[in-house]
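K.L.:
Below is the sequence, then the predicted model.
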Amino acid sequence: MPALSVRNLTMTFIERNLFTDVCFDVEYKDKVGFIGANGVGKTTLFKILNGEISPVSGTISFGKSIKIGYMEQHVLNDPNVNIYDELLSVFNYLKIMEGEIAAVTSEIENGAAGLDKLVEKQTGLIEKYENLGGLTYKSRTRSALLGLGFSESEIEMPVGNLSGGQRSKLCLAKLLLSQSNLLLLDEPTNHLDINSINWLEGFLKDFKGAMIIISHDRYFLDRVTNKTIELEHNRTMCYKGSYSEFIRKKEAYNESLKNKYENDIKEIKRIEGIVEQQKRWGRERNIIAAESKQKEADRIKAKLVTPDSELETMRINFKPKCESGNDVLICRGLSKSFDEKKLFKNVDIHIKKGERVFILGSNGCGKTTLFRILTGKCPQDSGEYDYGANVTPGYFDQLQQNLDLSKTAIDEVWDNFPNMTQTEIRSTLASFLFKGEEVFKPLSKMSGGERARISLLKLMLKGSNFLLLDEPTNHLDSSSREELEKTLKSYSGTLLVISHDRYFINKLADRILVLTPDGVKEYLGNYDYYSERIKAAGSENKKQISVPNKEKPQNNYFLQKQKQSEERKRKTKLKKAEDEILRLDNEIEKIQTEIASDEVTSDYEKLIELTGLLESLQKEQEAQYKIWEELSE
């Protein structure tokens, strides 16, 4: 039996149906990415699995010895409890046992009746307490906190003083110590910096149990998961593989479904044309032929599967109202401290027109403060910055402090752009998925994702040619993130972006700046390039540490022969990779030709089979290209 089996699960709130007849299995070591647009019911499904709410119908079965651990997005409720006591709350069952043991011990010491039974009860409780780890749970709690990067002084801090990343780490510590073997993780990377996310990936990869992860962090899902479940159109679809594999398989499946539907419709029309013709001729044999053909058309209609319409997503178009000069931003020696805490110094940045620059750094290093300096919201301690000719900055604030929460959506936009007509305002709001009565919804009652859409809408209407974006993908679902990526790729202005979304960085960045206390370090490339450079630097440091100071000199002739041999091997492998790429090209072309044929497009099973084969060949070719690139370098 699987670790979790869900069958025909249906959930409705008032008149809104969240999902119907949801079915899926999770095996004991599965790491499942659970995806879908905001508001489709993913967190509700988690609450059902965790027993917090009951479904309208359906069954949930857990395997033997399964213990659920649920990491909610806002699980730390009392801001006055210190970190140590918050984590210690995981062991409340042991604290209860301590109370029971103390009560029985008190009865024994006071000479209560039934002494033998009381002693027997005390012995049993103490034995159970020890078996459950009662003698070591406090030391394990302290060790877990120190292992997750909390210092001795921070352990006594109130939970309310923690940053988002620290709160997430504390939630994870609670899961670790709860000894759960089926984790339900709801947006675990929210508010984590990249270093913390890397740590989390390592922990989850090594985790021996099963897990289901709700996340819009596509890079994270690619690194951790081996199965993907999508909740869309009120039902779930399961795919083997990570997020990127799911996207490829879903596109291939939808394309084949669409082709089959179109071919079936054509066939139905053709047959019904024959039926009408036979009926017009009106002879007995024509009537019999018409009835036979109609049955054939009805059989196709009965099996006809209409493809789902694509979910509507934002339509964004960032278009600068004017072109900036060549130099967009120059920073010289910027520094900032708060009280005795130094954030950064010696920050030198030079950004040219059309560049897409990303700023990385750990939580608390001052990235947002730097943006507040550049937008005039906060003074620097020293240094200076200048914008170039005709530069019009536009700022996306991750805290959304530029929104008046007392206003409705339409008033917030209209008050900022009073020259637009009501029709223009409502049309623009509709392109950001605010339709009908939704335009009158107060911002105070909106979700983080809805407010982010309003902020992006205002930024788009401003028409800036230099966008400063502070965590723009926070609160956006995967489809909205992809739409934002698409529009920023075609944006003709200049970008300076703070982000921990590595998938987003990979798609857009042509330069990365890492903010440190002593300035910025520059990497010319996207996140994967930056990551490789960091790993290479770490390996080089290890080599330098391990290599002895004195090395035996080697014979120059021998070194030359060794290099020649390595070069011959490289060329042989390169030729082999080129031949393999050519062979796969021919194979792929044959399959594509076969897929395009009428015979295959009308055969659904054959189409799926060939699509799978094509995907496999393309993946194999990608691997050969990678080998070829490495050898070419």
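P.N.:
It's in.

K.L.:
Scan the helices and strands of the chain for the one with the lowest mean pLDDT.
P.N.:
helix 598-601 (a mean of 64; mean pLDDT, DSSP states H and E).

K.L.:
after that helix, next one along is what?
P.N.:
Next in sequence after helix 598-601, counting helices and strands by DSSP states H and E, comes helix 604-632.

K.L.:
Any idea how far that next one is from the middle of the chain?
P.N.:
25 Å (C-alpha atoms, centre = their mean, to the nearest Å).

K.L.:
next one: stretch 471-483
P.N.:
9 Å.

K.L.:
for stretch 440-458, same thing?
P.N.:
The answer for stretch 440-458 is 21 Å, by C-alpha atoms, centre = their mean.

K.L.:
What residues sit buried inside that stretch?
P.N.:
Applying a neighbour-count criterion of 16 or more other C-beta atoms under 10 Å, one finds L443, M446, G449, E450, R451, A452, R453, I454, S455, L456, L457, K458 buried in stretch 440-458. Just so you know, the C-beta spots here come from the backbone N, C-alpha and C atoms, and that holds for glycine as well.

K.L.:
do stretch 374-381 as well
P.N.:
L374, Q380.

K.L.:
Which residue, neighbours along the chain excluded, lies closest to the spatially most central residue of the chain?
P.N.:
The C-alpha lying nearest the average C-alpha coordinate of the chain belongs to D217 (C-alpha atoms, centre = their mean; 1.4 Å). Sequence neighbours aside, T189 is the residue nearest to D217 in space, at 4.6 Å (criterion: C-beta to C-beta, 6 or more residues apart in numbering).

K.L.:
try N17
P.N.:
Per C-beta to C-beta, 6+ apart, closest to N17 is N234, 5.8 Å.

K.L.:
One more: S479?
P.N.:
Closest to S479 by C-beta to C-beta, 6+ apart is T313, at 4.6 Å.

K.L.:
does the one you found sit in a helix, a strand or a coil?
P.N.:
coil (DSSP: H, G, I helix; E, B strand; the rest coil).

K.L.:
per-residue pLDDT, it?
P.N.:
As summarised for this prediction, T313 has a pLDDT of 80.

K.L.:
Over to V547?
P.N.:
46.

K.L.:
re the thing from before, the residue nearest to S479: how many residues sit nearby?
P.N.:
Residue crowding around T313 was assessed by other C-beta atoms under 10 Å; the count is 19.

K.L.:
Equivalent analysis for L170, please.
P.N.:
Quick note: L170 (other C-beta under 10 Å) scores 20 neighbours.

K.L.:
Does anything pack onto the one helix or strand it maps to? Which helices or strands?
P.N.:
With elements taken from DSSP H and E, the one containing L170 is helix 164-177. Judged by 3 or more C-beta pairs under 8 Å, 6 or more residues apart in numbering; DSSP states H and E, helix 164-177 is in contact with strand 68-71, helix 83-88, helix 137-147, helix 194-206.

K.L.:
May I have the strands that pair with the first one, each with its orientation?
P.N.:
In the sheet, strand 68-71 lines up against strand 182-186 (parallel) (DSSP bridges).

K.L.:
This completes my enquiry, with thanks.
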